[in-house]
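Asker: need coordinates for the below:
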Amino acid sequence: MGTIETNQSKQFLGLPMTLIWGYVAVAIFMTGDGIEQAFLSKYIQQIGFSASQATTVLTSYGLVVAIASWLSGVLAEVFSPRRLMTFAFITWIVFHVGFLTLGLETHNYIMMIIMYSIRGIAYPMFIYSFVVWITYSAPPQRLASAMGWFWAMYSVGIGVLGSYLPSFTIPYIGFMGTLWGSIIFIAAGGLLAFFLVKDKEGEKKESDKLTTKEMFGEILRGVTILRNPQVAIACVIRIINQLSLFGLVAFMPAVFTDRFGFTTSQWLQIWGFMYIVTIFTNLFWGIVGDKIGWVKQIRWFGCIGMALSTLAFYYIPEWFGPNFWITCLVAIAFGFAVAAFVPMSAIFPTLEPEHKGAAVSIHNLSAGLSNFLGPGIATIVLMFGNALTTIWVYAIIYFIGFVLTFFMKVKQPSLQQ
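Answerer: Model prediction:
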């Protein structure tokens, strides 16, 4: 009780103040990690590789991200969030340097895949270890709000700064200079988390009191916990959550420029604007979800909202042409809808309160699979159809998620005033 009372007295709109520097660290780290998202596939093609080869590099990376996402929650519980975050940012730097020097600079396709894929271990272990840290430190009845702050900082990093910074740096230092510069943000975020986050919950680890057999058993619980049908349903819904977020960037930039008549800069600004919106909507939905009910919010504003806004990303430019401001309204709707899933981060540990790390691991695996399957769906559907077909596939999947929410039963902690 003492920990909860202390945390309740040191929070602002659900933000645990003892973790505030950790939230800042996530934003800075994800700035470095997200810098290449808008141009890497294009740059790989520019140096002589095919679109298919560029997609393979990103898909391999996404697969490793999914696996690392799954392991991160349990490993954070076994070794402590602070230790795993430290391991993650060092790993990121080492293999990013390998990716640049052994892969891109030498145009070595195999080394590009190997180094970039291994680098994919780092970012989920850094940010999702912090998710475990939040579940330890935030009051249960404020957990969705605390997660809302987390996703807001994530959006600041990967979406806003990560999307906009390259538009300023590439004209001056080029693609490679921008990629080298990302190391500064990774190092800053990692050191910030290591030295400035004073919350002692991040020091807690199970490894000192577990045998090797018990430690592996704890890690395996990250799979066996799926025998809980509610966790399994939540897993599927969390995968559905960000399919469009990761999928649209795989094919819509070309659709926007070649079919609808936007410039590449306009597309990047619209997509970046969507991420700006999510900074506020992540906070908004975190607080609102604690009030109106997590599942209800996900069902109506998340699943239905994403189905409609995903369709709008195609139909509005199709109907109105390259109208920047009207399309920005679609970006706003999309930003509201994708953030409505924020309570998913709170639902998993609530479903398995005795095994929070394992529950968070399944949440993270789901997020990683979303990262992997989002562009994967686009790749497969585009072999047989066109962009409009792909958009409708995403929309139908969100309607399936809507149906699944009626089978998800969560005992949401009441908000104590």
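
Asker: any idea how far stretch 99-107 is from the chain center?
Answerer: Stretch 99-107 has its C-alpha centroid displaced from the chain centroid by 26 Å (C-alpha atoms, centre = their mean, to the nearest Å).

Asker: residues in contact with it: which ones?
Answerer: 43-44, 47-48, 108-109, 111-116, 119, 176, 179-180 (C-beta atoms under 8 Å, 6 or more residues apart in numbering). The way it works is simple: take the backbone N, C-alpha and C, and place the C-beta from them, glycine included.

Asker: can you list the buried residues in that stretch?
Answerer: Neighbour-count burial for stretch 99-107, with 16 or more other C-beta atoms under 10 Å as criterion, is recorded at 99-100, 102-104.

Asker: if we can go back for a sec, quickly name whichever of the contacts of stretch 99-107 is closest to residue 352.
Answerer: residue 119 (30.2 Å; C-beta to C-beta).

Asker: what is the burial count for that closest one?
Answerer: When neighbours are defined as other C-beta atoms under 10 Å, residue 119 has 22 of them.

Asker: quick one, what contacts it?
Answerer: Counting by C-beta under 8 Å, 6+ apart, residue 119 has contacts 61, 91-92, 95-96, 98-99.

Asker: quick one: buried residues of stretch 381-400?
Answerer: Within stretch 381-400, the residues that qualify as buried by neighbour count (16+ other C-beta under 10 Å) are 381, 387, 390-395, 397-398.

Asker: touching, residue 335 and residue 282? I think so.
Answerer: No: using C-beta atoms under 8 Å as the test, residue 335 is too far from residue 282 to be in contact (9.1 Å).

Asker: could you check how far residue 39 is from residue 348?
Answerer: Residue 39 sits 33 Å away from residue 348, taking C-beta to C-beta, to the nearest Å as the criterion.

Asker: and the nearest residue to residue 146 once chain neighbours are set aside, how many neighbours?
Answerer: Nearest residue to residue 146, sequence neighbours excluded (C-beta to C-beta, 6 or more residues apart in numbering): residue 138, at 3.8 Å. Applying other C-beta under 10 Å, we find 28 other residues in the vicinity of residue 138.

Asker: and residue 138, what pLDDT?
Answerer: The predicted local distance difference test score for residue 138 is 77.

Asker: just checking, it touches residue 144?
Answerer: No: when contacts are counted by C-beta under 8 Å, residue 138 is not listed as touching residue 144 (9.3 Å).

Asker: stretch 346-360: which residues count as buried?
Answerer: 346-352, 355-360.

Asker: okay, now the unreliable bits of the stretch 101-250 of the chain?
Answerer: Scanning the stretch 101-250 of the chain with the threshold set as pLDDT under 70 gives 199-219, 222.

Asker: switch to 50 and redo it
Answerer: Across the stretch 101-250 of the chain, no stretch falls below the confidence threshold (pLDDT under 50).

Asker: count of residues packed around residue 84?
Answerer: The burial count assigned to residue 84 is 25, neighbours taken as other C-beta under 10 Å.

Asker: and it, what element?
Answerer: When secondary structure is defined by DSSP states H and E, residue 84 falls within helix 81-98.

Asker: who are the packing partners of that helix?
Answerer: Contacts of helix 81-98 with other secondary structure elements, assessed using 3 or more C-beta pairs under 8 Å, 6 or more residues apart in numbering; DSSP states H and E, are made with helix 20-34, helix 51-79, helix 109-119, helix 122-137, helix 162-196.

Asker: that one vs helix 20-34, what angle?
Answerer: For the pair helix 81-98 and helix 20-34, the angle between their directions (axes from the mean of the first three to the mean of the last three C-alpha atoms, to 10 degrees) equals 20 degrees.

Asker: just the angle between helix 81-98 and helix 109-119, please?
Answerer: Here helix 81-98 runs at an angle of 170 degrees relative to helix 109-119 (the same axes, to 10 degrees).

Asker: buried ones in helix 81-98?
Answerer: Along helix 81-98, the positions that meet the burial threshold by neighbour count (16+ other C-beta under 10 Å) are 81-89, 91-93, 95-96, 98.

Asker: and the residue nearest the centre of the chain, what does it touch?
Answerer: Nearest to the centroid of the C-alpha atoms of the chain, with distances taken as C-alpha atoms, centre = their mean, sits residue 367, at 6.4 Å. Going by C-beta under 8 Å, 6+ apart, residue 367 touches 69, 124, 128, 238, 241-242.

Asker: could you dump those to CSV with neighbour count?
Answerer: Formatted as CSV, the contacts of residue 367 follow (neighbours: other C-beta atoms under 10 Å):
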residue, neighbour count
69, 29
124, 27
128, 31
238, 24
241, 24
242, 19
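
Asker: which outside residues touch the helix holding residue 84?
Answerer: Counting by C-beta under 8 Å, 6+ apart, helix 81-98 makes contact with 25, 29, 32-33, 72, 75-76, 111, 115-116, 118-119, 121-123, 125-126, 129-130, 132-133, 136, 179, 182-183, 186-187, 189-191, 193-194, 197, 201-203, 205, all of which sit outside it.

Asker: 7 Å instead?
Answerer: Outside of helix 81-98, the residues that reach it under the criterion C-beta atoms under 7 Å, 6 or more residues apart in numbering are 29, 72, 75-76, 115, 118-119, 121-123, 125-126, 129-130, 132-133, 183, 186-187, 189-190, 193-194, 202-203, 205.

Asker: also stretch 221-236?
Answerer: Under the contact criterion C-beta under 7 Å, 6+ apart, stretch 221-236 has outside partners 70-71, 73-74, 344, 347-348, 351-352, 355, 358-359, 361-362, 366, 404, 407-409.

Asker: list the buried ones in it?
Answerer: When neighbours are counted by 16+ other C-beta under 10 Å, the buried residues of stretch 221-236 are found to be 221-222, 225, 228, 230-231, 233-236.

Asker: over to stretch 372-382?
Answerer: Within stretch 372-382, the residues scored as buried using 16+ other C-beta under 10 Å are 372-379, 381.

Asker: circling back: any of the contacts of helix 81-98 buried? List them.
Answerer: In the contacts of helix 81-98, burial by neighbour count holds for 29, 72, 75-76, 115, 118-119, 121-123, 125-126, 129-130, 132-133, 186-187, 189-190, 193, 202, 205, counting by 16+ other C-beta under 10 Å.

Asker: quick one: low-confidence parts of the stretch 301-417 of the chain?
Answerer: Within the stretch 301-417 of the chain, the stretches falling below the threshold (pLDDT under 50) are 415-417.

Asker: fine by me, we can end here.
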